[in-house]
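Q: no FASTA, just this:
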């Protein structure tokens, strides 16, 4: 880690945000506290419900991955369910399913 608190090795970084999306758990790793805080703020803004039309679509998974890719400038490291690591956005495939309740 540099004296300014930047960690270039994502396997050693202390800056981690873990978010559950149903049964899926993603751990986003950051190179700095600044980027972690920017992402956390963006994540809160990504949780939106459209109460006017009585329609709800949870797109936080997609918007969070997109925000992470935009915010973290020094690399890309997302850990899925502590098993699979993604090193770039192109390696992520998202399968959508719909349910009417």
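A: Cool, got the structure. Nothing here was measured: the structure is a model prediction, and the numbers come from that model.
Q: From now on I want contacts and neighbour counts done on CA atoms only, so please keep to that.
A: Noted.
Q: would you say residue 38 is within a strand?
A: No: under DSSP: H, G, I helix; E, B strand; the rest coil, residue 38 sits outside any strand and is assigned helix.
Q: Please tell me I have it right and it contacts residue 69.
A: No: applying CA atoms under 8 Å as the test, residue 38 and residue 69 come out as separate, 11.9 Å apart.
Q: Between the two, which is the more surrounded one?
A: Between residue 38 and residue 69, residue 69 has the larger neighbour count (other CA atoms under 10 Å), namely 17 against 14.
Q: so how far is residue 11 from residue 62?
A: Computed with CA to CA, to the nearest Å, the distance linking residue 62 and residue 11 is 23 Å.
Q: can you tell me the helix or strand for residue 42?
A: Following DSSP states H and E, the helix or strand that holds residue 42 is helix 33-46.
Q: Residue 24 - nearest residue in space that isn't next to it in sequence?
A: Spatially, and ignoring its direct neighbours in sequence, residue 24 is nearest to residue 81 (6.4 Å; CA to CA, 6 or more residues apart in numbering).
Q: Tell me who's in contact with that neighbour.
A: Residues in contact with residue 81, defined by CA atoms under 8 Å, 6 or more residues apart in numbering, are 24, 25, 26, 27.
Q: Distance of the second one relative to residue 96?
A: By that I understand residue 25. Distance check for residue 25 against residue 96: by CA to CA, it reads 16 Å.
Q: So these two - more neighbours on which side?
A: The neighbour count for residue 25 versus residue 96, taken as other CA under 10 Å, is higher for residue 25 (14 against 6).
Q: circling back to that earlier point, report all helices and strands that the helix or strand just after the helix holding residue 42 contacts.
A: Next helix or strand after helix 33-46 toward the C-terminus (DSSP H and E): helix 60-71. On a contact count with 3 or more CA pairs under 8 Å, 6 or more residues apart in numbering; DSSP states H and E, helix 60-71 meets helix 33-46.
Q: for the helix it packs on, which positions count as buried?
A: Neighbour counts over helix 33-46 (16 or more other CA atoms under 10 Å) mark 33, 35, 36, 39, 40, 42, 43, 46 as buried.
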